[in-house]
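> below are the sequence and a predicted model; questions follow.
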Amino acid sequence: MKINYTLDFGAKKVKMLKKKIVKKTLVSASHKMIAFKLDEVKELVLKNSKDIEDLKAQVNMGKGGIKAIFAIGSLVAIILGTGKFFKFWG
């Protein structure tokens with residue numbers, strides 16, 4: 001239900017609408033809901049942190065494997081290179 005009010009400011013008339021009354025919820029219920037959702041967010045953050053640590057460990061293992069393959073390959077290349085240089089092989 002809209003009720004119009006007319007205010008008279010000298011030569012200018014202004015129409016204003018009555019504000020609707022908003023039903024307020026209980027504060028304690030809102031706080032409980034916010035606290036519950038905050039707890040859920042904390043759990044998700046902890047889970048994501050653990051997953052990130054696991055991923056970091058896997059990446060570090062991958063880097064170590066690549067370094068090991070590079071080291072073994074370079075040793076093989078050095079051995080074959082010196083063998084051909086001194087004409088031990090073909």
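Arrived safely, thanks for sending. Numbers count the residues shown, from 1 in each chain.
> what does residue 86 show for phi and psi?
phi -90, psi 10 (degrees, to the nearest 10).
> now for the chain, the helix or strand with the poorest mean pLDDT.
Lowest by mean pLDDT, DSSP states H and E among the helices and strands of the chain is strand 4-9, with a mean of 55.
> which of the three states applies to residue 87?
coil (DSSP: H, G, I helix; E, B strand; the rest coil).
> for residue 32, see how far away it is.
85 Å (CB to CB, to the nearest Å). Glycine gets a C-beta too; all of them are placed from N, C-alpha and C.
> now residue 51
From residue 51 to residue 32 the distance is 29 Å (CB to CB).
> likewise residue 58?
40 Å.
> same check, this time on residue 40
13 Å.
> ditto for residue 44
For residue 44 relative to residue 32 (CB to CB), the value is 19 Å.
> now the helix or strand encompassing residue 63: mean pLDDT?
Following DSSP states H and E, one finds residue 63 within helix 27-85. For helix 27-85, mean pLDDT rounds to 90.
> that one - contacts with which helices or strands?
Applying 3 or more CB pairs under 8 Å, 6 or more residues apart in numbering; DSSP states H and E, we find helix 27-85 packed against no helix or strand.
> list the contacts for residue 67?
Shown in contact with residue 67 (CB atoms under 8 Å, 6 or more residues apart in numbering): no residues.
> burial check on residue 64, number of neighbours?
Close neighbours of residue 64, defined as other CB atoms under 10 Å, add up to 10.
> list the contacts of it.
Contacts of residue 64 by CB under 8 Å, 6+ apart: none found.
> look up how far residue 58 lies from it.
From residue 64 to residue 58 the distance is 11 Å (CB to CB).
> ok, now residue 51?
Residue 51 is 11 Å from residue 58, by CB to CB.
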